[in-house]
Every structure is written in C-alpha cells, then in structure tokens.
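Participant: what would the 3D arrangement of this be:
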Amino acid sequence: MRIRRFEWEGARETAEAVRVWAASGPRDAYDAVRKIGREIEEERDVALRRLTENLDGVTEMPETLQVDSSEAVRALRAIDPTLRNAMEVAAANIQAVAEAQVSNDVQVVRLAQDQTVVIREVPVANVGVYAPGGRAVYPSSVLMCAIPARVAGVETVALASPPAPNGRISDTVLAAAALCGIHEIYAMGGAQAIYALTYGTETVVPVDVIAGPGNVWVQEAKRAVMGIVGIDSYAGPSELMLIAGHDTNAEWAALDLCAQAEHGPESRLIVTAVEEHILEAISAATEKVAATRSSVSDAPLALVQVPDLSDAVNFANAVAPEHLELLEEDAVLQAGRIRTAGCVFAGRYGATAFGDYVAGSNHVLPTTKTGRFSGPLGPHVFRRKIATVEVTAEAAAKLAPHVDRIARAEGFPVHGESAMIRAKGS
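Facilitator: This is a model prediction of the structure:
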C-alpha cells in the first residue's frame, strides 16, 4: 500500500493535490482506445477477434465470441448452492431498490392557452451491460446492471465479459447471467467490447445504451461512444473515502480500505479525520492488513487531517468519491450534507462491501469526480421520456403570435408562418 500524508490546504486545494498524486492509468489510453474503435468500425468481427486474442490474452479462440445461453443455464445449475443463494439474496434486494425508482405515471400538463403536453417514460429497446474481468470475475456486476435494465422494461439485454485464455467466460458470471434472464452473451472485453456493442459486427448486435464498470480503457471507450449510444457514467477504477471519528475502529477501517484495494493498484483511497491519532492508527492497521492479504494491491492511500468535521464534509464534496463511509457518531445527520459522492455508507456498520454485493444499492457508481453530475446506475439509465404536444385550434390562435415574434427575432420567419397559418384556421 502506497501511503502519503497531505497537509490541509483547504477543501478544493487538498482534493486536487490528492487527485493528481493518485491519478493512474496509461497516459496514452485516449488515443489507443480511439484506434481500437476505428478498427472495430472498419473491420468488425475480424478486428474483434484479433483484439480479443491480443488484448484479452485468449490462446484458444472459439469459432464465435457469442456464448450459447444454454451454457449460462448449465452454469447456474452447477454452482455451489450457497453461492446461488447469496446471489439470489443480492438479486432480490437490487430488484426491490430498482423497482422503487420506476414510475409508470403519465404526466399531463394543461396550459393556459389550451394546449396539452403529455410526458411519458418508455424503456430503450436494447442494452449492453459490461462485467469486468482480469484480476477477478464479477457476477455481482451482472446483477447490478441487468436487473435495473429488466425493471426498466428493456426487452433485450446483452452481456459482454472478458474471456479466460481458453476463450470461455467464468461460470459464475454465466450463472449470474442466467439468474437475470440474459440470453445474448459475448465473450469479449475491454474497449473492443464497448465499440462492438456500439457499432455492431457480423456477430454482435448493436445496442442503445451501454452500462457497467471497468478499467480506464473501458471507461474511455464509453466516453468516446457517448452520443452514438447512451452510457450510465464514468464508472471506474474504484474509489473509497473514509471520514473517521474519534471512536472509529481502526481494524474495521483498514479492512474496508484493503477491500477496495483488491480491485487493483488503480483504486484510490482517502482517510480524513480531525484527530491525529486516528489517522495514525488507521494507517498502521491498513499496512498490517495489506501485508498479510495477498489479494490486496499496492493502491494509493492518502491521509488528510482536517481542522473540524465541517471541513471533512467539504473535502468529501470536493473529492466526489465513488464510495464514502461516514464513521462518525452522527453519520446519518452528516450524510444529508453530502452532495457529490456516488454512494454514502452511514455509521460504523456500513462497510462498502455491503453495497458492493447485497445491500440493494447499486455498485456501478460515478468515479473521477463525475459524481458532481451523475449518480448510481438505476432504471432511469435505461428509460427515456417522450413528450406529446396537442395544440387545439384555440391554443393555436393564442400561441401563434408569440411564435411569430420570437421566430422573427431569431431570423427564422418561416417558423412564424408555420404557426400563423394555423391561427387563421383551415
């Protein structure tokens, strides 16, 4: 674990200093990702297979990257019963939270000039969800992405996940896909998977929205295709910030930090506290835990002592962390002051690990300060609003002069004519 102490320079200044120090990822990712996109767009399956072999390290390339859905059903039947039960608990909680976010109400607004505007929500047609691979496999990400899409009413959900060297997707990921009723599955990962879902290939059907966490290559690809398809947010690599109180259990905090460091050396960790001895205790405990757990990577951990709790909250809002743990006595009260975190865990029992798996909140969250304008993945990502405008003859007569006046001011007189001819009637 790479630990560094930062002096307090104010919320924004300290947040920026920590961000610059902890910044990671290939500096050439932007150009490299867009090169991959051009290859997929031009060569389609040929490029996809080549990139899967080279970038995903597949040594036994299958005839097709599409996985038969029967493989997922087989995997679900074969997994350990306790794992299946845990996944079913997680799925039920994720679905309950997702269902609470969906409203099928139609909003009807009748305005003063007798026109009516109707706003309704409809699901998008096709969604692609991405479950990362590499250091680990992520059946939890399948649940987190696919269940809100299903709750939103999406008919077709496709899964992309990196294959192992034998060209196969992990059985646990396939089992999660079966649990979610996913029938369209592709053994492909990285930026090439995002571009394939966007443009389509001979094998891959293009989608309308792409969602899911991933490394900097995956997220840069999502950012590049935004506008051609919809995306959820910039979701990765993992981040965790702790606001520690005077009675914070250092060992618990250390385990929380090291748990997020399991995601890789790009994970960004921050601990802030008013008391010096709390920072020292958490730092020492984290080093001890990291040294005895082989799954914990060499992630950056920033330690920041703040003048008071209010400064800690302001610091958190400036950082906009993916996960924020409030290990304070009045955590629930303080949670109301947080505006930018992806997900807030209030109280000493609220380990981020619960949110990663079974609490019901979504673990696909905005990172790298994008929490300032985006939030957790939910059904809203897979739904869009449609407006229907009904203008009566009476409304046309009342509104047309206003249209004409504004249109002519903008230099578009025919807009005005289009409205005024209706004010005159047939």
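Participant: C-alpha from now on. contacts and neighbour counts both.
Facilitator: Noted.
Participant: OK, contacts around M420?
Facilitator: By Cα atoms under 8 Å, 6 or more residues apart in numbering, the contact list for M420 reads 397, 400-401, 404.
Participant: on the three-state scheme, it is what?
Facilitator: helix (DSSP: H, G, I helix; E, B strand; the rest coil).
Participant: quick one on the thing from earlier: now, the contacts of M420 that are in helices?
Facilitator: Among the contacts of M420, DSSP state H puts 397, 400-401, 404 in helices.
Participant: of those residues, buried ones?
Facilitator: When those are checked for burial by 16 or more other Cα atoms under 10 Å, the buried set is 397, 400-401, 404.
Participant: which one of the residues you listed is nearest to D114?
Facilitator: The closest of these to D114 turns out to be A397 (Cα to Cα; 10.0 Å).
Participant: one step back: what would the buried ones among the ones in helices among the contacts of M420 look like in a markdown table with distance to Q260 and pLDDT?
Facilitator: Listed next are these as a markdown table, based on distance: Cα to Cα, whole Å; pLDDT from 0 to 100:
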| residue | distance to Q260 | pLDDT |
| --- | --- | --- |
| A397 | 62 | 94 |
| A400 | 59 | 95 |
| P401 | 61 | 95 |
| D404 | 59 | 96 |
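Participant: got CSV for the residues you listed, with distance to E262 too?
Facilitator: Formatted as CSV, these follow (distance: Cα to Cα, whole Å):
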residue, distance to E262
A397, 66
A400, 62
P401, 64
D404, 62
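Participant: widest-spaced pair of those?
Facilitator: With Cα to Cα as the measure, no two of these lie farther apart than A397 and D404, at 11.5 Å.
Participant: what comes into contact with the helix or strand that contains A196?
Facilitator: For A196, the element it lies in under DSSP states H and E is helix 190-199. Residues from elsewhere that reach helix 190-199, judged by Cα under 8 Å, 6+ apart: 33, 36-37, 40-41, 44, 48, 51-52, 55-56, 128, 160, 162, 204-208, 210, 217-222, 225, 228-229.
Participant: now which of these would you call buried?
Facilitator: Buried among these (16+ other Cα under 10 Å): 33, 36-37, 40-41, 44, 48, 51-52, 56, 128, 160, 162, 204, 206-208, 210, 217-222, 225, 229.
Participant: any weak-confidence spans in the stretch 1-150 of the chain?
Facilitator: 24-28 (pLDDT under 70).
Participant: all helices of it, in order?
Facilitator: With helices called from DSSP state H, counting those that start in this stretch, the stretch 1-150 of the chain shows them at 11-22, 29-43, 45-55, 69-78, 81-99, 139-152.
Participant: in CSV: these, plus distance to A299.
Facilitator: Shown next, in CSV, are the helices of the stretch 1-150 of the chain (distance: least, Cα to Cα, whole Å):
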stretch, distance to A299
helix 11-22, 9
helix 29-43, 20
helix 45-55, 23
helix 69-78, 33
helix 81-99, 28
helix 139-152, 22
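Participant: which element is the residue lying closest to A250 once chain neighbours are set aside on?
Facilitator: Once flanking residues are discounted, A250 sits nearest to I282: 4.7 Å by Cα to Cα, 6 or more residues apart in numbering. I282 belongs to helix 276-291 when assigned by DSSP H and E.
Participant: okay, buried residues for that helix please.
Facilitator: Buried residues in helix 276-291 (16+ other Cα under 10 Å): 278-279, 281-283, 285-286, 289-290.
Participant: mean confidence score for it?
Facilitator: Computed over helix 276-291, the mean pLDDT rounds to 96.
Participant: by contact count, what packs against the helix or strand just after it?
Facilitator: Beyond helix 276-291 on the C-terminal side, the first helix or strand identified by DSSP H and E is strand 300-305. With contacts taken as 3 or more Cα pairs under 8 Å, 6 or more residues apart in numbering; DSSP states H and E, strand 300-305 sits against strand 2-6, strand 268-273, helix 276-291.
Participant: so which of these comes closest to P62?
Facilitator: Nearest to P62 among the helices and strands packed on strand 300-305 is strand 268-273; the distance by Cα to Cα comes to 36.5 Å.
Participant: quick one: contacts of the closest one?
Facilitator: 22, 237-245, 257, 260-261, 279, 299-306, 309, 312.
Participant: ok, back up a step: the helices and strands packed on strand 300-305 into CSV, with extra columns for distance to R348?
Facilitator: Listed next are the helices and strands packed on strand 300-305 as CSV, based on distance: least, Cα to Cα, whole Å:
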stretch, distance to R348
strand 2-6, 23
strand 268-273, 14
helix 276-291, 14
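Participant: wait, which of those is closest to E71?
Facilitator: strand 268-273 (36.2 Å).
Participant: just the helices of the stretch 1-150 of the chain: most buried one?
Facilitator: helix 139-152 (a mean of 26; mean count of other Cα atoms under 10 Å).
Participant: that one versus helix 81-99: what angle between them?
Facilitator: Helix 139-152 runs at 40 degrees relative to helix 81-99, counting by axes from the mean of the first three to the mean of the last three Cα atoms, to 10 degrees.
Participant: alpha carbons of helix 139-152, as PDB, please.
Facilitator: Output in PDB follows, covering the C-alpha atoms of helix 139-152 (Å, rounded to 0.1, in the frame of the first residue of the first chain):
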ATOM      1  CA  PRO A 139     -21.000 -11.800 -11.300                       C
ATOM      2  CA  SER A 140     -22.100  -9.000  -9.000                       C
ATOM      3  CA  SER A 141     -21.800  -6.500 -11.800                       C
ATOM      4  CA  VAL A 142     -24.000  -8.600 -14.000                       C
ATOM      5  CA  LEU A 143     -26.700  -8.400 -11.300                       C
ATOM      6  CA  MET A 144     -26.200  -4.700 -10.700                       C
ATOM      7  CA  CYS A 145     -26.500  -3.900 -14.400                       C
ATOM      8  CA  ALA A 146     -29.000  -6.400 -15.800                       C
ATOM      9  CA  ILE A 147     -31.600  -6.200 -13.000                       C
ATOM     10  CA  PRO A 148     -32.300  -2.400 -13.300                       C
ATOM     11  CA  ALA A 149     -32.500  -2.900 -17.000                       C
ATOM     12  CA  ARG A 150     -35.100  -5.600 -16.700                       C
ATOM     13  CA  VAL A 151     -37.000  -3.500 -14.100                       C
ATOM     14  CA  ALA A 152     -36.900  -0.600 -16.600                       C
END
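Participant: and it, what does it pack against?
Facilitator: Against helix 139-152 (3+ Cα pairs under 8 Å, 6+ apart) you get helix 81-99, strand 126-130, strand 156-161, helix 171-179.
Participant: list the contacts of that helix.
Facilitator: Residues contacting helix 139-152 (Cα under 8 Å, 6+ apart): 87, 90-91, 94-95, 98-99, 102, 123, 127, 129-132, 157, 159, 172-177, 180, 182, 211-213, 356-357, 362-364, 377-380, 382-383.
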